[in-house]
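Pasted the sequence and its predicted model underneath.
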Amino acid sequence: MICFDLSEDQKQIQELARDFSQNEILPKAPHHDQTGEYPLEIIKKAWELGLTNLAIPESCGGLQFGVMEDALISEEFGAACTGISTAISANNLAEAPIIVGATEEQKQMILGPMTEECILGSYCVTEPNAGSDVQGIQSTATKKGNDYVINGTKMWITGAGHANWFFVLAYTDKEKGFRGMSAFYVPADTPGITIGKKEQNMGQRASDTREVIFEDVVVPENYRIGQEGKGWLLAMAAFDHTRPAVAAGAVGIARAAMEHSARYANERKAFGRPIGKFQGISFMIADMVKDIEAARLLVWKACYEKDQGRKNTRFAAIAKVFAADMAMRITTDAVQVFGGYGYSQEYPVEKLMRDAKVFQIYEGTSQVQRIIISRDVLQEYR
Ligand SMILES: Cc1cc2nc3c(=O)[nH]c(=O)nc-3n(C[C@H](O)[C@H](O)[C@H](O)COP(=O)(O)OP(=O)(O)OC[C@H]3O[C@@H](n4cnc5c(N)ncnc54)[C@H](O)[C@@H]3O)c2cc1C
């Protein structure tokens, strides 16, 4: 049986997230967009309400919710401001490889305190010369006695300026390619870490992205997550958990663009009638609604597969690429519906168009998602 109804718990979470978005995120979104100020107070309030860190296991004091619950929150937050939403959800990406690959003792050490206070983590994989090509990273972790010494520069790290800890991917044996990569938990106050300046990005300006430099950063052996050589697998497995929620954020921003467009199309008149009466505009809005529905179903499918305990890599990539490309198209069309006013900062849709772009870039570009999908399909039909 196929059921599209949410459970009572899921409906409550969705409603809580919707209220929070409307009352706490939306009113403050223009301020954070214009100033680039990090929304720490909003993050703390979301944490207090239990709208963050959903996947932390019950054994560590967490809620141990599924990916679906994360996606429901992400769509609501995304409909209000994806910059603030990305800042709130940076923890999800940092936590995911810990949940997948850490020992119970490590989970208690890293994730336990996150249920007691608003602690922030960042996922450090990308480097100045290696983004899509993760194997091209140059960071190293050299074993010295019972410690590892980490050296390297990470780039575009979301939340880095406010993180309490980092998930770091580095080579322990460069000769072995991706099988020579290992993953580490690194507290942000470890000597040798330098945080760069906040990047001045096109959109999602509330979110904080920075370079993080590791110079002879010493961490004990028990800060290695998973076995030596398994780091790449953990870093990639994290995306099976997080991409559906990222895709849901893209659904949220597209939904906001569609709602603004529909209202404006009813109000704005040209040639003596509302522009919504012209097929050129009304069909654009019909396409928005159709594509948002399709994207949401793909998101729910990717969540469902994961929450059933099945491998969802292909579905997560499908949801991410479809939703990201759809959000870029719909927010661009929303600017078109608004005409000249769409191009002005006085109206809401130009921000949506700027904010939408990064969905096609972070957590794997739209090209990378197509690589993942096509590799999987070609393998199946070999
Ligand atoms: C706002 C923001 C936040 C981010 N947050 C984080 C974070 O928290 N942690 C983190 O580790 N990283 C983060 N990233 C980095 C992000 O994941 C990378 O930017 C992304 O993976 C692309 O890598 P790149 O920028 O090096 O582009 P490149 O890999 O250099 O790609 C450039 C272009 O070439 C295309 N391309 C590359 N290889 C292929 C191929 N084989 N086939 C077809 N096309 C290809 C890409 O799709 C892209 O269009 C963030 C980035 C941004 C912009």
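That came in fine, so what should we check first?

Asp325 contacts Ala356, doesn't it?
No. Look at Asp325 against Ala356 with C-beta atoms under 8 Å: they stay out of range, at 9.8 Å. C-beta: built from backbone N, CA, C; applies to glycine.

between the two, who's got more neighbours?
Ala356 (29 against 18; other C-beta atoms under 10 Å).

so for the host helix or strand of Glu41, what's the average pLDDT?
Per DSSP states H and E, Glu41 falls inside helix 40-48. The pLDDT scores in helix 40-48 average 98.

again with stretch 157-175
If you average the pLDDT over stretch 157-175, you get 98.

Go through that stretch and flag the buried ones.
For stretch 157-175, a neighbour-count test (16 or more other C-beta atoms under 10 Å) marks 157-172 as buried.

In a strand, Tyr148, correct?
Yes. According to DSSP: H, G, I helix; E, B strand; the rest coil, Tyr148 belongs to a strand.

Tell me which residues touch it, please.
141-142, 172, 182, 184, 218-221, 223-224 (C-beta atoms under 8 Å, 6 or more residues apart in numbering).

ok, 10 Å please
By C-beta atoms under 10 Å, 6 or more residues apart in numbering, the residues touching Tyr148 are 140-142, 168, 170, 172, 182, 184, 186, 217-221, 223-224, 228.

about what we covered before: contacts with the ligand among the buried residues of stretch 157-175, please.
Contacts with the ligand within the buried residues of stretch 157-175, as defined by C-beta under 6 Å from any ligand atom: 157-158.

Strands - which of the buried residues of stretch 157-175 land there?
The members of the buried residues of stretch 157-175 that map onto strands under DSSP state E are 157-158, 165-171.

now whichever strand or helix holds Ile99, how far from the centre of its chain.
Taking DSSP H and E as the definition, one finds Ile99 inside helix 82-101. Remark: helix 82-101 is offset 6 Å from the chain centroid, using C-alpha atoms, centre = their mean, to the nearest Å.

Numbering from 800 from now on, please.
Okay, using 800 as the starting number, the last item reads as helix 881-900.

Give me the angle between it and helix 839-847.
For helix 881-900 against helix 839-847, the angle by axes from the mean of the first three to the mean of the last three C-alpha atoms, to 10 degrees is 50 degrees.

following helix 881-900, which helix or strand comes up?
Per DSSP H and E, helix 881-900 leads on to helix 903-909 as the next helix or strand towards the C-terminus.

Could you give me the buried positions within that following helix?
Quick answer for helix 903-909 (16+ other C-beta under 10 Å): 905-906, 908-909.

Can I get those residues in a markdown table including pLDDT?
Below are these laid out as a markdown table (pLDDT from 0 to 100):
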| residue | pLDDT |
| --- | --- |
| Gln905 | 98 |
| Lys906 | 98 |
| Met908 | 98 |
| Ile909 | 98 |
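
Spell out the secondary structure type for Glu836.
Glu836 - assigned by three-state DSSP - is coil.

give me phi/psi at it?
When quoted as degrees, to the nearest 10, the phi and psi of Glu836 stand at phi -60, psi 140.

who's the nearest residue to Pro986 once chain neighbours are set aside bridged to?
Leaving aside its sequence neighbours, Pro986 sits nearest to Trp964 (C-beta to C-beta, 6 or more residues apart in numbering; 5.1 Å). Per DSSP bridges, residues listed as beta-bridge partners of Trp964: Gly920, Pro986.

Pretty sure Trp964 sits against Ala987.
Yes. Trp964 is within contact range of Ala987, at 5.7 Å (criterion: C-beta atoms under 10 Å).
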